[in-house]
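Q: Build me a model:
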Amino acid sequence: SQLLGYAILAGACITKLPQILVIRNAGTAEGLSLEMFEIETYTLLVSALYGFTQLLPFNTYGESLILAVQNAVILAMVYSYSRTPVMRRLAVTGAYVALVAGVMAGHINKQTMNNFAEANTVVVVLSRVPQIFKNVAAGSTGALSSLTTFINVVGCIVRIFTTQQAGGGAAMMRGYVVSLIINATLLIQIILYRKNTA
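A: Numbering: from 1, shown residues only. Coordinates of the predicted model:
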């Protein structure tokens, strides 16, 4: 279980790279849900900060931190290509910074982070549902990376196992199960809409 945890950490370093390359090579963020990446970045930060405040081993939550950083890169690209207003960019970035600073300064305690983690399952659903609906409406998955989505599905399966082994708690387990269902849905859409996707 610990070895798998460290393998996931290593894999997390490149998980979002295919999505970053798809956006860069396409020169567009067409078909991508801005809200999905904003909310997903938040959920990843909550997951990482939850593990940190619960004093869990880094290999049980470190990939969330690594993925949050990669997601921030994707978000910056989506903001740039979609010409998102500066005020929105500043508000979202400010919220992320406030969350991290609040935990690091001790203003957001262990119990509060536990509450955030409990709510994270709902937030995970809210992060991906806009993308699912956008894909259905367009009949295409746009610039959504099939490789990143596949890696997310496999990562969720492995994380369910490692969370069970490491005693990561019900909130973490629920989050990974829900993420598996939603990422599998996105992967099915990529397969179904592949003829309509550039």
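
Q: For this protein, name the helix or strand with the lowest mean pLDDT.
A: helix 2-15 (a mean of 80; mean pLDDT, DSSP states H and E).

Q: list the helices and strands that helix packs on?
A: Applying 3 or more CB pairs under 8 Å, 6 or more residues apart in numbering; DSSP states H and E, we find helix 2-15 packed against helix 58-82, helix 146-166. Heads up, the C-betas are built off the backbone N, CA and C, glycines and all.

Q: Tabulate these (JSON lines), appending distance to V123.
A: Formatted as JSON lines, the helices and strands packed on helix 2-15 follow (distance: least, CB to CB, whole Å):
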{"stretch": "helix 58-82", "distance to V123": "13"}
{"stretch": "helix 146-166", "distance to V123": "16"}
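
Q: Show me the shaky parts of this protein.
A: Applying pLDDT under 70 to the chain picks out residues 1, 197-198.

Q: For the helix ranked longest in it, buried residues please.
A: Longest helix in the chain, counting residues (DSSP state H): helix 110-138. For helix 110-138, burial by neighbour count (16 or more other CB atoms under 10 Å) applies to 113, 116-117, 120-121, 123-125, 127-129, 131-132, 134-135.

Q: Can you tell me which of these comes closest to M77?
A: Q131 (15.6 Å; CB to CB).

Q: Spit out the contact partners of that closest one.
A: Shown in contact with Q131 (CB atoms under 8 Å, 6 or more residues apart in numbering): 32-33, 36, 144, 186.

Q: got it, and M36?
A: Contacts for M36 (CB under 8 Å, 6+ apart) come out as 127-128, 130-131.
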